[in-house]
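Participant: sequence plus predicted model, see below.
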Amino acid sequence: MKVAKLSLAAALVLSALPFAASAQEAEEASSPLTWSVAGVSDYVWRGVSQTNEDPTLQAGLTYTHDSGFYVGTWGSGVDFGPGDPSVEVDGFVGYNVDFSDAVNFDVMINRYMYPDAGGLNFNELITKTTFIDTYSLTVAYSDDYGGTGEDAWYFNAGGSWELPHDFTLGAGVGYNMTDDALGDDYVDWNIGVSRSWGLFTAGLAYVGTDGSGKDLFGDLGDDRFVLTLSVGN
């Protein structure tokens, strides 16, 4: 999860950091370790490019205990401009539980870290509630968003639906309450399709922000297509 450079002089995260699988999926997994390596045409976090609209590589590793607790790391290339970090490395710990056959809950603390740019590092508490394996509600909070020392909230409602020929449709809309940190709030959105072949997955998404997002981030918040090719278990 990630942070985009701001015009305010503070550099501040479709795909982002993976939550653990549901408790049922964890039981079915053959190993407590899950991993992924991906190439993306643009690293977009909450509607905003983190790589100056350029492609990059990403990788993640997660260990999940039978109890539902998990710990892991995730990394990506970034480009916030000259003199800024070229890599983001996140560390996270969380807990995943099925409240019922229809409701799964995940809570995570994520640490965003930027080597050689420690002033941008920050923590975020993220919760995700999934209903009937289809609809999800994500709520995130940071008291030091992008190293600004200011509060920020994030709310996202999303869903995923199976399509013919093993394709999946996903969509979501998010509201970024970043007025204290960035000077304004903004909306982000995404819609895309994906398909898996064993360990390999390909996805194409159309993402963007509203007018406030474009005012805050300029071209980095413009609407765009994002292609993801990944391998992992």
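Facilitator: That came in fine, so what should we check first?
Participant: phi, psi of the residue nearest to Gly119 when sequence neighbours are not counted?
Facilitator: Spatially, and ignoring its direct neighbours in sequence, Gly119 is nearest to Gly147 (4.9 Å; C-beta to C-beta, 6 or more residues apart in numbering). Using the backbone N, CA and C atoms, a C-beta is placed for each residue, glycine as well. Main-chain dihedrals, Gly147, degrees, to the nearest 10: phi 70, psi 20.
Participant: same question, the one 4 residues further on
Facilitator: The phi/psi pair for Asp151 (degrees, to the nearest 10) reads phi -80, psi 150.
Participant: hang on, the earlier thing: from what I see, the residue nearest to Gly119 and Met113 are in contact.
Facilitator: No. Using C-beta atoms under 8 Å, Gly147 makes no contact with Met113, being 10.7 Å away.
Participant: gap between stretch 185-199 and the chain center?
Facilitator: Chain-centre distance of stretch 185-199: 10 Å, with C-alpha atoms, centre = their mean, to the nearest Å.
Participant: just stretch 78-87 next, same as before
Facilitator: Centroid separation for stretch 78-87 versus its chain: 19 Å, with C-alpha atoms, centre = their mean.
Participant: ok, the closest residue to His65 other than its chain neighbours to Gly75 distance?
Facilitator: Nearest non-adjacent residue to His65, counting by C-beta to C-beta, 6+ apart: Pro32, 6.7 Å away. Per C-beta to C-beta, to the nearest Å, Pro32 is found 20 Å from Gly75.
Participant: now swap in Tyr135 and tell me
Facilitator: For Tyr135, the distance to Gly75 - C-beta to C-beta - is 29 Å.
Participant: if we can go back for a sec, just the pLDDT for the residue nearest to Gly119.
Facilitator: Gly147 is assigned 95 on the pLDDT scale.
Participant: repeat that for the one 3 residues further on.
Facilitator: Model confidence at Glu150, given as pLDDT, is 98.
Participant: tally of neighbours for Gly54?
Facilitator: You called it Gly, but residue 54 is Asp. Residues lying near Asp54 (other C-beta atoms under 10 Å) number 13.
Participant: OK, contacts around it?
Facilitator: Residues near Asp54 by C-beta atoms under 8 Å, 6 or more residues apart in numbering: 42, 79.
Participant: tell me the SS of it?
Facilitator: Secondary structure for Asp54, judged by DSSP: H, G, I helix; E, B strand; the rest coil, is coil.
Participant: roughly how far does Gly198 sit from Ser230?
Facilitator: 12 Å.
Participant: more crowded one of these two?
Facilitator: Using other C-beta under 10 Å, the more surrounded residue of Gly198 and Ser230 is Ser230, with 20 against 7.
Participant: residue contacts, the more buried one?
Facilitator: By C-beta under 8 Å, 6+ apart, Ser230 lies in contact with 36-39, 200-203.
Participant: of those, which belong to strands?
Facilitator: Using DSSP state E, the members of the contacts of Ser230 that fall in strands are 36-39, 200-203.
Participant: chain center to stretch 121-137, what's the gap?
Facilitator: When C-alpha coordinates are averaged (C-alpha atoms, centre = their mean), stretch 121-137 and its chain have centres 10 Å apart.
Participant: wait, I meant stretch 206-216
Facilitator: 17 Å.
Participant: got it, and stretch 129-149?
Facilitator: That offset, for stretch 129-149, works out to 9 Å (C-alpha atoms, centre = their mean).
Participant: mind listing what's buried in that stretch?
Facilitator: Neighbour counts over stretch 129-149 (16 or more other C-beta atoms under 10 Å) mark 130, 136, 138, 140, 142, 145-148 as buried.
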